[in-house]
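**Student:** kindly return the folded structure for what I paste below:
(2 chains)
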Amino acid sequence: MARALSRSLRSPRVLIALGMIFCFAFCAVFAGWIAPHDPGDQNLLAILQPPAWASGGDLNYPLGTDSLGRCVLSRLIFGARTAMLVALLASLGAMIIGTILAHVSGYFGGAIDWLIGRLVDVWMSFPPVILSLILMVGLGIGLSKVILAIVLVDWTRFCRVLRSEVLIVTRHDYVAAARLLGFSHWQTIVREVLPATTPLLITLISLEMAIAVVVEAILSFIGLGVGANTPAWGQMIADARQYVYQSPWNLLLPIFAIFLTVTAFNLLGDGLRRTLDVRLAETGR
Amino acid sequence: MLALQAKDLLVSARIDGATVPAIRALSFDLPAGKILGLVGESGAGKSMVGRAIAQLLPAGFEITSGSLLFEGQDLARIGAQFDEHLARLGDGSRSARRDRAVAMLTAARLPRAVELLTQYPHQLSGGMCQRVLIALAFSSDPRLVIADEPTTALDVTMHPPILKLIADMQRAHGTAVIFITHDLRLAAQLCDQVTVMYAGRAVESGPARAVLSTPAHPYTRCLQLANPSMRAERRALYVMPDQMPSLRQLKNLSGCHFAPRCPVVTEECRRDEPPNIAVAADHHAACIRAAATRTIAAMAGDSVTTGAVGRPLLQVEALQKHYTAGGGLFAAARTIAAVKQATFSIAENEFVALVGENGSGKSTIAKMLVGLESPTAGKILLNGEDLAEPALRSRARRAASLQMVFQDPQSALNPRRRVASIVTQAMEAGSRHASWDERLARTRELLAEVGLSTDFAARLPGQLSGGQRQRINIARALCTLPKILVADEIVSGLDVSIQAQLLNLLARLRAELGFAMLFISHDLSVVRHLCSRVLVMYGGEIVEEGAVEKVFADPQHAHTRALLSSVPPDEPEAAWPPLA
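**Tutor:** Here you go, the predicted model:
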């Protein structure tokens, strides 16, 4: 595992992705210090200003202002905080539920495996966006509700992929050997099975983070997201849509931010998959 | 006429940027209609020769010098004719092709050939699949067939009929055959010529019976002595130290590659690579000490002492295991009896063998004994206490008295744990938490027991060879000093020289630690060497039981007789009825 991780850290994909994610995370953590304005401050005398480099731009608002005269740069930076928070917590939540169920299902097999398998089947037969919309209507809006909705929709992704990996690992004689040496089921899963599924788990988390960012943007775009008082990229796109001809930058900048974040997480996931997955790493693909 | 001729063949491999000779200076003449045996342990290069002839060398390997002549033509230039020949097989009408296929399958003695044409491979047994493959190989009336370990994956009772089929087909078609095998006894029976390979070089070659009755190369002699005898008096096994150098190690070697393991080595052997020396007409050995070879004998110190057998330890009474297969919404479940009836006992310090074909229920019994499966009916008594009693169900108690050594060490060792953590894994079970110092101390003891040095403690299973992994596997099972070991085919995947090391190790450990063992195996010569009593299983039942010597000398059940007759005789000159 340690060798695989150091191999990962030499992969250019992983390094580039980690660099990008570090920038976003830095913005998210220190948003209050970096942002030039409060993201909610309105300046109705300077609405829909273009970025500083365009004609009519003002250095006071480096990326211009929106229809209420709020600083776009500040809103992007605070939006990164929302996106990162959702990405981290939602993917961790989905991972915890999905991983526990996958290990229980794959390790014990039999009726419990059947039950969890059918639950996942039924769950996955709902279109994910519709399901999260229904959940948001039921739960109400807010950051924690968005996270909860994503967790409740996406745990199945972890569960299904990990279960097949757990099945493969459990078939190894060393898992039976651990039982014979006196390990309890819990010890066997945690000390013998989980270390073998961890590389896949790490890969899945980083891919799930990308999905969480997109889902949060979609929910915020249609107004069923984190709420009007919290800056979010999806909201910025929704606002800018009405003034797209007057100030196209307002639309393009948050889209670009989403694009960069999703690319970074996908790149990380792909890089980790190539380096952590022994089967792929050894064939040199 | 010569079907195939190899002249100074050199196949090199590119490993880590360096070029390593995988096969060196290989020469042989294979006359039309004869069988040439390529014999050696895994990694000797014998399969690579087969692949070089079939032009199927893996990526990174290539023939760098020497030549392979097929009926006088260079093999590298006849690929086109080969393709043409294959294309011609598909000629003719649909019914003509069908008739031809039926004729081929019938010739391979497959019953109901017409029905077989519409079946898929997974619907056939392993033996039938092998017959189909043999039919396919001989279908185009070839002049050369390469058979690479054709019986290794099959049940022992399937070996004689498959070998007989190959021999008959070869005779009927006048085909030359290259027969690749690790089994010296088999090569002596089946082949006309043999070439013994070691670390990429042909160390000895000549007429099969001459080579194997009077081996001139120490390696051939050591291999024979490492193989337990089937009929002669039980003798100690000769143990070659260490193991064959791998491809990676080959590039740094000089002198005779067998020198580090050779009992009659001299300074000169380590310095120069030995030339091929004729020891008799048509019999060559790559050894300057060929005259000393016959003096090699197994050391007396390694002899197997069965020791005193104590009071009964484990009693198995009317054990049964039924599985339900299929069954669901639309199909009724079927019941399959894996073990119909098994009653036996094992005494303290006694090694009992359980033999039988695949699917006879051997492994199911092993799993029930250690608690990986629960019996459908019957009792397992350990020291007179029923293991199914709630008080004895605790894993810790069972773990302390009964342990299992698994068949495949690759799968049985967690690739993420280091050796020290694997062998003392029992010490982290349950709520006990041994300190790391205690575990390291125990690791040192266990490694010494199984004959490995202390620096193995920090290695990962991926850094070990097959034989070393199996030692670690045994050490782990011995950690709690169990009274009974259940060993499921623990030497079957290993080479003869490594197998001899492990068999001697088990005998020594029994003398030192004192434990009983249920030894599951399909190799009767190993069973005869190690165990004092044998149980023969057939179709889920124990059909014969008794002292090894007695059962082997006078088998009562037809299946026991079939098992015994599937092992070729020790003496190369003796006739083997199945092939006669």
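
**Student:** from now on I want contacts and neighbour counts done on CA atoms only, so please keep to that.
**Tutor:** Will do.

**Student:** now residue B:494, what's its secondary structure?
**Tutor:** Following DSSP: H, G, I helix; E, B strand; the rest coil, the label given to residue B:494 is coil.

**Student:** distance of it relative to residue B:355?
**Tutor:** Look at residue B:494 and residue B:355: by C-alpha to C-alpha, to the nearest Å, they are 18 Å apart.

**Student:** neighbour-wise, which of the two wins?
**Tutor:** Taking other C-alpha atoms under 10 Å in any protein chain shown, residue B:494 and residue B:355 do not tie; residue B:355 has more neighbours (25 against 17).

**Student:** contact partners for that one?
**Tutor:** Contact analysis of residue B:355 by C-alpha atoms under 8 Å, 6 or more residues apart in numbering or on different chains lists B:362, B:520, B:521, B:522, B:523, B:524, B:534, B:535, B:536, B:537.

**Student:** how near is the spatially closest residue to the fourth one that is not a sequence neighbour to residue B:534?
**Tutor:** Computed as C-alpha to C-alpha, 6 or more residues apart in numbering or on different chains, the closest residue to residue B:522 that is not its neighbour in sequence is residue B:355, at 5.5 Å. Distance of residue B:355 to residue B:534, computed by C-alpha to C-alpha: 7 Å.

**Student:** cool, residue B:175 as well?
**Tutor:** For residue B:175, the distance to residue B:534 equals 41 Å [C-alpha to C-alpha].

**Student:** give me the number of residues near the residue in the stretch 101-250 of chain B positioned nearest to chain A?
**Tutor:** Using C-alpha to the nearest C-alpha, residue B:248 is the residue of the stretch 101-250 of chain B that sits closest to chain A, at 17.2 Å. Neighbour count of residue B:248, defined by other C-alpha under 10 Å: 15.

**Student:** the host helix or strand of it: which residues count as buried?
**Tutor:** Secondary structure assignment for residue B:248, by DSSP states H and E: helix B:247-250. For helix B:247-250, the neighbour count (16 or more other C-alpha atoms under 10 Å in any protein chain shown) marks B:247, B:250 as buried.

**Student:** could you point out which element follows it?
**Tutor:** Later in the chain than helix B:247-250, the nearest helix or strand by DSSP H and E is helix B:267-271.

**Student:** buried residues in that following helix?
**Tutor:** By neighbour count on 16+ other C-alpha under 10 Å, the buried set for helix B:267-271 is B:269, B:270.

**Student:** contacting residues around residue 74?
**Tutor:** As the question left the chain open, I've gone with chain A. Residues in contact with residue A:74, defined by C-alpha under 8 Å, 6+ apart, are A:31, A:35, A:36, A:37, A:38, A:39.

**Student:** chain B, not that one
**Tutor:** B:67, B:68.

**Student:** thinking again about what came up before, tell me which two of the contacts of residue B:355 sit farthest apart.
**Tutor:** Longest distance between any two of these is 14.6 Å, between B:362 and B:524; criterion C-alpha to C-alpha.

**Student:** of these two, which one has the most company?
**Tutor:** residue B:362 (27 against 23).

**Student:** residues in contact with the residue in chain B that chain A sits nearest to?
**Tutor:** Using C-alpha to the nearest C-alpha, the single residue of chain B nearest to chain A is residue B:412, 4.1 Å away. Residues near residue B:412 by C-alpha under 8 Å, 6+ apart: A:172, A:173, A:174, A:175, A:177, B:406, B:473.

**Student:** ok, 10 Å please
**Tutor:** A:172-178, B:405-406, B:461, B:469-470, B:472-473 (C-alpha atoms under 10 Å, 6 or more residues apart in numbering or on different chains).

**Student:** what parts of the stretch 101-250 of chain A come near chain B?
**Tutor:** Residues of the stretch 101-250 of chain A lying close to chain B by C-alpha under 10 Å from any C-alpha of the partner chain are A:169, A:171-184, A:187-188, A:191-193, A:195-196.

**Student:** show me where the stretch 151-285 of chain A has helices.
**Tutor:** In the stretch 151-285 of chain A, the helices defined using DSSP state H, counting those that start in this stretch lie at A:173-180, A:185-188, A:194-221, A:233-241, A:248-276, A:278-283.

**Student:** helix or strand with the lowest mean pLDDT in the chain?
**Tutor:** Reading this off chain A. Scoring the helices and strands of chain A by mean pLDDT, DSSP states H and E places helix A:278-283 at the bottom, with a mean of 47.

**Student:** could you do chain B instead?
**Tutor:** helix B:79-88 (a mean of 52).

**Student:** turn the helices of the stretch 151-285 of chain A into JSON lines, columns for mean neighbour count.
**Tutor:** Formatted as JSON lines, those follow (neighbours: other C-alpha atoms under 10 Å in any protein chain shown):
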{"stretch": "helix A:173-180", "mean neighbour count": "23"}
{"stretch": "helix A:185-188", "mean neighbour count": "16"}
{"stretch": "helix A:194-221", "mean neighbour count": "22"}
{"stretch": "helix A:233-241", "mean neighbour count": "22"}
{"stretch": "helix A:248-276", "mean neighbour count": "21"}
{"stretch": "helix A:278-283", "mean neighbour count": "12"}
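
**Student:** least confident of the ones you listed, on average?
**Tutor:** Among the helices of the stretch 151-285 of chain A, helix A:278-283 has the lowest mean pLDDT, at a mean of 47.

**Student:** hmm, back to that, okay, the residue of chain B closest to chain A: pLDDT?
**Tutor:** Residue B:412 is assigned 92 on the pLDDT scale.

**Student:** next, give phi and psi for it.
**Tutor:** phi -90, psi -10 (degrees, to the nearest 10).

**Student:** roughly how far does it sit from residue B:365?
**Tutor:** Distance, residue B:412 to residue B:365, by C-alpha to C-alpha: 19 Å.

**Student:** check residue B:24 too.
**Tutor:** Following C-alpha to C-alpha, the distance that separates residue B:24 from residue B:365 is 47 Å.

**Student:** mind checking which of the two has more residues around it?
**Tutor:** When residue B:24 and residue B:365 are compared for neighbours, residue B:365 comes out ahead with 26 against 19, by other C-alpha under 10 Å.

**Student:** pretty sure residue B:279 is in a strand, no?
**Tutor:** Yes - assessed with three-state DSSP, residue B:279 lies in a strand.

**Student:** that one - how many residues pack around it?
**Tutor:** 18.

**Student:** surely it touches residue B:207?
**Tutor:** No - applying C-alpha atoms under 10 Å, one finds residue B:279 not in contact with residue B:207, separated by 12.0 Å.

**Student:** and the pLDDT at the residue of chain B positioned farthest from its centre?
**Tutor:** Ranked by distance from the centre of chain B (C-alpha atoms, centre = their mean), the top residue is residue B:93, with 44.5 Å. Model confidence at residue B:93, given as pLDDT, is 79.

**Student:** could I get the full set of helices for the stretch 1-150 of chain A?
**Tutor:** Assignment of helices within the stretch 1-150 of chain A using DSSP H, counting those that start in this stretch yields the ranges A:2-8, A:12-29, A:31-34, A:72-108, A:110-124, A:128-139, A:143-170.

**Student:** tell me which of the ones you listed sits most buried.
**Tutor:** Compared across the helices of the stretch 1-150 of chain A, helix A:72-108 shows the largest average neighbour count, a mean of 23 (mean count of other C-alpha atoms under 10 Å in any protein chain shown).

**Student:** what angle do that helix and helix A:12-29 make?
**Tutor:** When axes from the mean of the first three to the mean of the last three C-alpha atoms, to 10 degrees is applied, the directions of helix A:72-108 and helix A:12-29 differ by 120 degrees.

**Student:** any weak-confidence spans in the stretch 251-400 of chain B?
**Tutor:** Residues of the stretch 251-400 of chain B meeting the criterion pLDDT under 70: B:299-308, B:326-331, B:389-396.
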